[in-house]
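*Asks:* return atomic coordinates for the entry below.
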Amino acid sequence: MPIHPTAIISPKAELGRNVSVGAYSIIGDEVILHDDNQVASHCVIEGPAEFGKGNIFFPFVSAGQAPHDLKYRGEKSLLRVGERNTFREFSTYHRGTEPGGGITAIGSDNLFMAQCHVAHDCVIGNHVIFANSAGLAGHVIVEDHATLGAYSGVHQFCRIGKYAFIGASSVVVKDALPYARSVGNHAKCYGQNTIGLQRQGFSKDEIRRISHAFKLLLASRLNTTQALEVIKQELSGFAEIEYLIQFIESSQRGVTK
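*Replies:* So this is what the prediction gives:
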């Protein structure tokens, strides 16, 4: 394994095959790096933390540190990460807390650009993009294929739905609807993200149904409950619509409209 002589590797860490660690990086106790992880110079990875295969850490990444939470009293908690994620410079990823289940979980094939922050007890899916300095407070859920613009911030306990697009410098204080463009401070929803859905392979019929659902939610004179009833009557049975309905009905903070 190409380990730079200035790197510090705890004897309590576990490194798989073809793991590289650059100059002055620190791999702490109870860190597990599975095969093919690449850690550049000046990174600090503390444990307990586990990383699947093929992740790439650029310089000055900090992962697995204790959470920014005044309720944290040193209890054992975990950062668990999937495969093939890219963590760019100066980004930070914290372990969970006991009230939040003790785990911060990140899926696979995600891109975190420079200076991003993922706080304690967050759950992030797969194929998510965080642009520069996007940040999550604690207990946030970001679902698959979502995109967060540069300098955007998400309030604790919010959810970002699948295929959602959060515009740059936005402040999200309620659940951000899937398939949609949410922008501003505080963020407002501006309908379906048509171009993004096309790029993700959605069919014309799927986009048409999603567009109709958003017209009922955002542009009609119906309140959310009434709009959902009409959506169920006119569009139920389609997977993308059933997911949208479930997302709204299960919201604890309300949804961005």
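*Asks:* can you give me the strands in the stretch 151-257 of the chain?
*Replies:* 153-154, 159-160, 165-166, 171-172, 180-184, 187-192 (DSSP state E, counting those that start in this stretch).
*Asks:* show me what the fourth one is packed against.
*Replies:* So that's strand 171-172. strand 153-154 (3 or more CB pairs under 8 Å, 6 or more residues apart in numbering; DSSP states H and E). (Glycine included, C-beta is placed from N, CA and C.)
*Asks:* parallel or antiparallel, list what pairs with the strand it packs on.
*Replies:* When pairs are called by DSSP bridges, strand 153-154 turns out to pair with strand 135-136 (parallel), strand 171-172 (parallel).
*Asks:* still on that earlier bit, could I get the strands of the stretch 151-257 of the chain as CSV with mean pLDDT, distance to residue 103 and mean neighbour count?
*Replies:* Shown next, in CSV, are the strands of the stretch 151-257 of the chain (pLDDT from 0 to 100; distance: least, CB to CB, whole Å; neighbours: other CB atoms under 10 Å):
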stretch, mean pLDDT, distance to residue 103, mean neighbour count
strand 153-154, 98, 18, 22
strand 159-160, 98, 17, 26
strand 165-166, 98, 24, 26
strand 171-172, 98, 22, 21
strand 180-184, 98, 27, 22
strand 187-192, 96, 27, 20
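*Asks:* wait, which of the ones you listed is closest to residue 52?
*Replies:* Closest approach to residue 52 among these is made by strand 159-160 (22.1 Å; CB to CB).
*Asks:* counting contacts, what elements does the closest one pack onto?
*Replies:* Looks like strand 159-160 contacts strand 141-142 (3+ CB pairs under 8 Å, 6+ apart).
*Asks:* ok, then the element right after the strand it packs on?
*Replies:* Counting by DSSP states H and E, the next helix or strand C-terminal to strand 141-142 is strand 147-148.
*Asks:* what comes into contact with that next one?
*Replies:* For strand 147-148, contacts defined as CB atoms under 8 Å, 6 or more residues apart in numbering pick out 128-131, 134, 142, 154, 160, 164-166, 196.
*Asks:* and which of these is nearest to residue 234?
*Replies:* Using CB to CB, those come closest to residue 234 at residue 164, 22.8 Å.
*Asks:* residue contacts, the closest one?
*Replies:* 143, 146-147, 176-180, 182, 193.
*Asks:* now do the same end-to-end measure for stretch 67-77.
*Replies:* By CA to CA, to the nearest Å, the extent of stretch 67-77 from end to end equals 9 Å.
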